[in-house]
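>>> Using only what follows, build the 3D model:
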Amino acid sequence: MGNTVLITGGATGIGFELAKGLLERENEVIACCRGEEHLAEAKRKLPRLNVRRCDVSKQNERQELHDWCKANFPDLNILINNAGIQRMVDFRKGTEDLVRIRDVDGEDEIGINFEAYVWMGAMFVPDFLRRREAAIVNVSSGLAFIPLVITPVYDATKAAIHSFSITLRHQLRNTSIKVFEIIPPTVDTNLDAGARKARGQQDLGIPPEAVAEEALPRMEKDEYEIAIGRAENLRSASRTNFDQTFLGMNRSF
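Model prediction:
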């Protein structure tokens, strides 16, 4: 209650549900994403939501977002790094999939999924150090612990976010800034641009509202690593039964 929160990728999926839950808890919320139509729809559903278009994979747009927030929301004290995409990449094709994603689809999986988290954190930490209470929340994935072979870049970025969250939390341990990591399982969103449905995957995951409903109360209790549902199973298995779990997840490859 009483916080001012910026959520990247906040107009759809997990980000939207976090925005909804935070508004219900009487916080000021700003959602940014790349798509104007998604922002308009989010604003229609949540009239109190503040929206701003931004492609967080681009440094100039990240900087513009930071400067805009500083000018218009000087009390901003929580950053939720949530924006992400998941794409299938087969390295047996060489650079074919990577070139298609970059040049045809115009997307930067590493830039959105990891680089943006690092730069957004670096830009906002100095501001947050002047707040009495502040937080950075990074959304990773159960696949940070045991990867899915068909989405190798996505999984690697999420593993990097997990590591980044640990080190950032340690660097900021004697400051006013708390660092949280939300670790979802498979969630039924358009993260993968419909690839799960296209390949006939039956389990599309839990609804995004289930992530927000579990994560927000656990953050209020200062639980810094929030593994949800099957993501907790993957985190545990990565320490006790990695090989068998990995092979079981990737039988079809």
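>>> Which elements pack onto the helix or strand harbouring Glu209?
Element membership of Glu209, judged by DSSP states H and E, is helix 208-220. On a contact count with 3 or more C-beta pairs under 8 Å, 6 or more residues apart in numbering; DSSP states H and E, helix 208-220 meets helix 13-24, strand 177-183, strand 225-227. For every residue, glycine as well, the C-beta is placed using N, CA and C.
>>> Now do that helix: everything it contacts.
13-14, 16-18, 20-22, 25, 135, 137, 180, 182, 184, 187-189, 226, 228-229 (C-beta atoms under 8 Å, 6 or more residues apart in numbering).
>>> three-state assignment of the closest residue to Leu98 other than its chain neighbours?
Leaving aside its sequence neighbours, Leu98 sits nearest to Val89 (C-beta to C-beta, 6 or more residues apart in numbering; 6.4 Å). Here Val89 is recorded as coil under DSSP: H, G, I helix; E, B strand; the rest coil.
>>> Tell me the pLDDT of Val89.
Per-residue pLDDT puts Val89 at 98.
>>> Find the helix or strand that Ser165 is a member of.
Ser165 is part of helix 152-171 when elements are defined by DSSP H and E.
>>> neighbouring contacts of that helix?
Contact with helix 152-171 is made by 81, 84-87, 89, 91, 109-110, 113-114, 117-118, 121, 136, 138-141, 143-145, 147-148, 178-181, 183, 224-225, as judged by C-beta under 8 Å, 6+ apart.
>>> what do you get if the cut-off is 6 Å, keeping everything else the same?
86, 89, 109, 113-114, 117, 138, 140-141, 143-144, 147, 179, 181 (C-beta atoms under 6 Å, 6 or more residues apart in numbering).
>>> which pair in the residues you listed spans the largest distance?
The largest separation in those, counting by C-beta to C-beta, is between Val89 and Val179 at 29.1 Å.
>>> Neighbour count: those two, which is higher?
More crowded of Val89 and Val179, by other C-beta atoms under 10 Å: Val179, with 24 against 18.
>>> returning to that earlier point: isn't the residue nearest to Leu98 right next to Asp97, touching?
Yes - under the criterion of C-beta atoms under 6 Å, Val89 makes contact with Asp97 at 4.4 Å.
>>> per-residue confidence for Asp192?
Among the per-residue scores, Asp192 holds a pLDDT of 84.
>>> just checking, it is part of a helix?
No - Asp192: not assigned to a helix; according to three-state DSSP it is coil.
>>> who's in contact with the residue nearest in space to the middle of the chain?
Residue closest to the average C-alpha location in the chain (C-alpha atoms, centre = their mean): Asn82, at 2.4 Å. Taking C-beta under 6 Å, 6+ apart as the criterion, Asn82 is in contact with Ile7, Thr8, Gly9, Gly15, Val139.
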